[in-house]
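[1] Sharing a model prediction with you, sequence too.
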Amino acid sequence: MIAQPTDAHRDALTTTFDTAKQIVQDSPDLPDDVRLKWNFRGDYTLDLYFHHAPDRVASFAAAFDAEVSTTPHMTDEAMVMTEANTIVAGVPVHAWSLNDGVVKTEQVAA
C-alpha cells in the first residue's frame, strides 16, 4: 500500500490526464463529470459520471469495448446503477450512472 503519490508517479498522473483527454475527444457522449483518482495500489484511475443517462454509459461502453452492467443500488433499491469498466491506454476507467427505476431480473449482472 502506498499512502500518497510521489515524484515516481508523475508519469502515471500525466498518462491519466492524457487518457481523459482522449476519452473526451473519442467518446460519442460527454460525461457530466470526469474525476481522476489516486488509489493506494500506487496508480490512478478515471471515474466518468453520466447524470441519469444509462444510454450514454452504454454509448461509452460501445466506443471503448466495455460491458455494461445494471444492478440495484446497494442502499436504495428504488435506484439503479448502470456501470461500465474498461482499460484505456493502460488506465482503469469506470463509467457510471445512477437512475430511478427497477432492475429486471435478466438485467442483473451475474
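    Structure received. If you're wondering where the values come from, they're calculated on a predicted model, not measured in any experiment. Numbering: from 1, shown residues only.
[2] Okay, now the unreliable bits of this protein?
    Within the chain, the ranges that satisfy pLDDT under 70 run 74-77, 102-110.
[3] what about the helices in it?
    In chain order, the chain shows helices spanning 10-26, 54-63, with DSSP state H as the criterion.
[4] Leaving out the residues flanking it, which one is nearest to Thr71?
    In space, Thr71 comes closest to Met81 once its chain neighbours are excluded; the distance is 5.3 Å by Cβ to Cβ, 6 or more residues apart in numbering. To be clear about C-beta, it is placed using only N, CA and C from the backbone, and glycine gets the same treatment.
[5] just to revisit the earlier point, could you redo the helices of the chain as CSV and give each row distance to Asn99 and mean neighbour count?
    Formatted as CSV, the helices of the chain follow (distance: least, Cβ to Cβ, whole Å; neighbours: other Cβ atoms under 10 Å):
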stretch, distance to Asn99, mean neighbour count
helix 10-26, 21, 14
helix 54-63, 6, 19
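[6] sorry, back to before: check the burial of the residue nearest to Thr71 by counting its neighbours.
    Counted with other Cβ atoms under 10 Å, the neighbours of Met81 add up to 18.
[7] That one contacts Val57, doesn't it?
    No: in this structure Met81 lies outside contact range of Val57 using Cβ atoms under 8 Å: 9.8 Å.
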